[in-house]
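*Asks:* only geometry, no sequence info:
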């Protein structure tokens with residue numbers, strides 16, 4: 001269960017469940033499905049009279065009645081929470097603005113919007129009081145640690161306030177970073193940074209997906225919004241970016257270079273369908289399905305084996321996920337032996353013999369390598385940031401082919417809670 005909200009008088013409850021790796025269901029009351037969607041649901045609140053749910057489905061703000069009827073109130077970018085007014089006449093929601101500030105808006109069931117307040121930085125709307133006071137907090141810090149080749153100690157390679165490790169060069173000397181925080185603006189930005197700690201070089205706005213195996217190209221999108229379909233190949237040195245036009249996809253969630261540098265692996269979905277993996281040439285076009293619908297991956301995972309012949313993905317329901325190995329050129333997929341529930345798949349070893357997995361909910365975070373052919377599990381390393389205050393866990397782990405360099409992202413919650421009065 002991902003989220004819940006009480007009905008009037010506390011007699012029943014609406015719940016949001018992620019029933020599969022890429023499937024969301026809202027029940028109201030519990031056991032009675034009202035919404036079943038493959039679009040990520042990131043917010044849900046019941047109206048005061050219990051007749052209507054306000055739901056953030058993908059980038060769309062919806063009203064869902066008790067019969068399952070839906071009404072779209074339009075798109076909301078970089079959503080940061082919602083709540084109903086006491087009268088039920090308005091919904092207040094928060095979203096990040098292009099400036100990096102947070103806009104607090106109200107919207108009526110007819111779709112009329114009104115800006116209430118603009119705050120510096122990112123504020124998450126948590127609740128509204130009957131008098132209209134707002135409860136919100138500022139919290140999220142994303143940070144990156146890495147140990148450069150030949151060094152004995154890790155160092156902090158975060159740059160701004162929302163650093164995320166995307167990829168490491170094969171020699172471990174260069175780190176590809178995304179910046180998703182306030183300082184980078186709502187569009188986000190991506191950088192190359194040497195692991196010796198020297199200042200990074202900004203490559204563009206948006207988000208990076210992958211660094212080519214030779215380190216000369218970056219695969220990037222033009223926006224951090226989930227589902228953005230703009231895809232480009234950006235040189236890390238001199239040269240021009242090349243667009244990769246994609247036909248037919250409704251959502252693009254991630255993308256990777258194949259080792260030979262002639263194809264791309266995509267993770268996305270066709271209109272109204274569940275997520276799956278696709279392949280496409282560097283010139284773009286209509287992607288070819290590689291895996292069945294409902295196959296997904298872990299955030300930050302490198303799914304392609306070093307020889308480019310296998311893609312590792314996951315499928316099934318939470319608590320019963322299965323790690324699968326799919327042959328790229330066709331054939332029968334097989335289960336990854338040795339995979340355990342709670343494992344987060346990170347990366348392949350350089351020889352393709354092992355997959356590295358770790359635990360997000362533990363500090364120190366144990367990293368284990370699984371022998372792909374036998375399922376044998378071997379403890380490999382423990383990761384722990386130098387400052388663990390507010391640290392919830394490791395979110396991503398990157399490993400060079402020789403295993404000599406490791407970089408990882410982690411999230412810290414250092415919350416400042418605000419009670420905002422006088423909003424009109």
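*Replies:* Looks like it arrived, so ask away. Fair warning: this is a prediction, and the values are worked out from it, not measured in the lab. Numbers count the residues shown, from 1 in each chain.
*Asks:* please make it C-alpha for all contacts and neighbour counts, starting now.
*Replies:* OK.
*Asks:* secondary structure element holding the nearest residue to residue 362 once chain neighbours are set aside?
*Replies:* Spatial nearest neighbour of residue 362, chain neighbours left out: residue 393 (5.9 Å); criterion: C-alpha to C-alpha, 6 or more residues apart in numbering. Here residue 393, judged by DSSP states H and E, is contained in strand 391-399.
*Asks:* quick one: strands adjacent to that strand?
*Replies:* strand 406-420 (antiparallel) (DSSP bridges).
*Asks:* pLDDT on the strand it pairs with, on average?
*Replies:* Averaged across strand 406-420, pLDDT comes to 79.
*Asks:* next one: stretch 336-346
*Replies:* 94.
*Asks:* with stretch 220-232 instead?
*Replies:* The pLDDT scores in stretch 220-232 average 66.
*Asks:* tell me which helix or strand of this structure sits lowest on mean pLDDT?
*Replies:* One helix or strand of the chain scores below all others by mean pLDDT, DSSP states H and E: strand 134-146, with a mean of 75.
*Asks:* ok, and the closest non-adjacent residue to the residue nearest in space to the middle of the chain?
*Replies:* Nearest to the geometric centre of the chain sits residue 299, at 5.7 Å (C-alpha atoms, centre = their mean). Using C-alpha to C-alpha, 6+ apart and skipping the chain neighbours, the partner closest in space to residue 299 is residue 396 (7.1 Å).
*Asks:* isn't that neighbour up against residue 167?
*Replies:* No. Counting by C-alpha atoms under 8 Å, residue 396 does not reach residue 167; the two are 10.0 Å apart.
*Asks:* those two: which is more packed in?
*Replies:* Set residue 396 next to residue 167 and count neighbours by other C-alpha atoms under 10 Å: residue 167 wins out with 31 against 26.
*Asks:* then that one would be within a strand, right?
*Replies:* Yes. Under DSSP: H, G, I helix; E, B strand; the rest coil, residue 167 falls within a strand.
*Asks:* quick check, it in contact with residue 177.
*Replies:* Yes. Between residue 167 and residue 177 there is a contact at 7.4 Å, judged by C-alpha under 8 Å.
*Asks:* quick revisit: where does the residue nearest to the centre of the chain sit: helix, strand or coil?
*Replies:* Judged by three-state DSSP, the three-state class of residue 299 is coil.
*Asks:* next: residue 378.
*Replies:* Three-state call for residue 378 (three-state DSSP): strand.
*Asks:* number of nearby residues for it?
*Replies:* Residue 378 - counted by other C-alpha under 10 Å - has 13 other residues nearby.
*Asks:* now do the one 3 residues further on
*Replies:* Other residues within reach of residue 381, judged by other C-alpha under 10 Å, total 13.
*Asks:* shouldn't it be within a strand?
*Replies:* Yes. Checked against three-state DSSP, residue 381 lies within a strand.
*Asks:* spatially nearest residue to it (excluding sequence neighbours)?
*Replies:* Distances taken as C-alpha to C-alpha, 6+ apart put residue 367 closest to residue 381, at 5.1 Å, once the chain neighbours are dropped.
*Asks:* tell me if the one you found really is in a strand.
*Replies:* Yes. Assessed with three-state DSSP, residue 367 lies in a strand.
*Asks:* what sits against it?
*Replies:* Residue 367 sits next to 356-359, 379-383 when contact means C-alpha atoms under 8 Å, 6 or more residues apart in numbering.
*Asks:* could you list the low-pLDDT ranges of the stretch 151-300 of the chain?
*Replies:* Scanning the stretch 151-300 of the chain for pLDDT under 70 picks out 181-182, 186, 223-229.
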